[in-house]
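Student: Just to be clear, the model below is a prediction. Sequence and coordinates:
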Amino acid sequence: MSWADFVNWLDDNKVVLIAVTCSGAKVVMLCRDLEKARLAAEEIHKETGNTVGVYHLDLASLDSVRNTAATLKDTEPKIHCLINNAGVMMCPRWETKDGFEMQLGTNHLGHFLLTLLLLDQVKAAAPSRIVTVSSIAHTQGSMHWDDLMMTQNYDAKEAYCQSKLANVLFSRELAKKLQGTGVNTYSLHPGVVQTELGRHIHESVNDFIHWAFHFFGQFFFKTVERGAQTTIYCAVDESQANQTGKYYSDCAEKKPHPRGECDDDAHRLWDTSLRLVGLDHYSV
């Protein structure tokens, strides 16, 4: 199975764990919707003969993240590449099961906790990689330090952009924490991809914008396969083996927005995230 064959099945609410064993590439999907995941895994098996493992994971629940990570500690002792791919975009002001604003909670905090809980396995597989899918939307984002959960004056777009900036800052700070371990980190913009990511726009904006987003997307957005290429590049390309903490788009390193390079914000987000997910005393 090629990486393109596999990543073509990614949708907007999956986290992908790739554990490469000595016998070849072992692919495991961590998914919220098990029915969809199993159908995708079966289709991949029919087309390629390769088996894809499936586990349940709801990034909007810290308990789910902890339970899944605990299971993987027993089944995947070495993780060569962790791809944090899940996302929710421009939804109404919903909250996760732990009371976080849904977009920050799912797009950042869920990935943050999962990554740290699996970090020993990633280190055990070094040289290894952690790839976090962000977005060009980070360029319009800012960290609302006085109200991270945007309980006042919630704006769906601002909340999404904040969560995508958090992805870039997290990857940057994680790279610093992991210096000397053999684990490299990458964040990226996959392009504007034709997926179900915009399915909540009619609720948070209006039906016309929702229609226009999906109608014109058929002609101007990337296909899922094309949209997966930068993720694949960061995950396996040998030319990036000595790079870490960088940001990518169209299979090339790009300079993120200056707010994505703010070390003070990256460090502050790290400490704040540790507190929010209950890992106050955690040390990499």
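Tutor: Okay, I see it. A quick note: this is a predicted structure, and the numbers were derived from the prediction, not measured. Residues are numbered from 1 along each chain as shown.

Student: I figured Ala125 hits Leu82, correct?
Tutor: No: counting by C-beta atoms under 8 Å, Ala125 does not reach Leu82; the two are 9.7 Å apart. Where C-beta positions appear, they are placed from N, C-alpha and C, glycine not excepted.

Student: who has more neighbours, the two?
Tutor: More crowded of Ala125 and Leu82, by other C-beta atoms under 10 Å: Leu82, with 28 against 20.

Student: helix/strand/coil for Glu253?
Tutor: strand (DSSP: H, G, I helix; E, B strand; the rest coil).

Student: give me the beta-bridge partners of the closest residue to it other than its chain neighbours?
Tutor: Spatially, and ignoring its direct neighbours in sequence, Glu253 is nearest to Lys246 (5.1 Å; C-beta to C-beta, 6 or more residues apart in numbering). Under DSSP bridges, the beta-bridge partners of Lys246 are Tyr186.

Student: can you tell me which residues contact Lys246?
Tutor: For Lys246, the contact set (C-beta atoms under 8 Å, 6 or more residues apart in numbering) comprises Tyr186, Ser187, Gln240, Glu253.

Student: Tell me the predicted confidence for the third one.
Tutor: When you say that, I think you mean Gln240. pLDDT, Gln240: 95.

Student: what does the last one give?
Tutor: Looking at Glu253, its pLDDT is 97.

Student: What of the second one?
Tutor: What the model reports as pLDDT for Ser187 is 98.

Student: What's the local residue count around it?
Tutor: Residues near Ser187, counting by other C-beta under 10 Å: 28.

Student: measure it to Gly245 for me?
Tutor: Distance from Ser187 to Gly245, counting by C-beta to C-beta, to the nearest Å: 8 Å.

Student: Between the two, which contacts overlap?
Tutor: In contact with both Ser187 and Gly245: Ser171, Arg172, using C-beta under 8 Å, 6+ apart.

Student: Could I have the CA atoms of stretch 170-183 written out in CSV?
Tutor: The C-alpha coordinates for stretch 170-183 follow below in CSV (Å, rounded to 0.1, in the frame of the first residue of the first chain):
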residue,chain,number,x,y,z
PHE,A,170,2.8,23.4,19.7
SER,A,171,5.0,21.9,17.0
ARG,A,172,7.6,24.6,17.4
GLU,A,173,7.8,24.2,21.2
LEU,A,174,7.7,20.4,21.0
ALA,A,175,10.7,20.5,18.7
LYS,A,176,12.7,22.4,21.4
LYS,A,177,11.6,20.0,24.1
LEU,A,178,12.7,17.0,22.0
GLN,A,179,16.2,18.3,21.0
GLY,A,180,18.6,15.4,21.1
THR,A,181,16.0,12.6,21.3
GLY,A,182,15.9,11.8,17.6
VAL,A,183,12.3,12.9,17.3
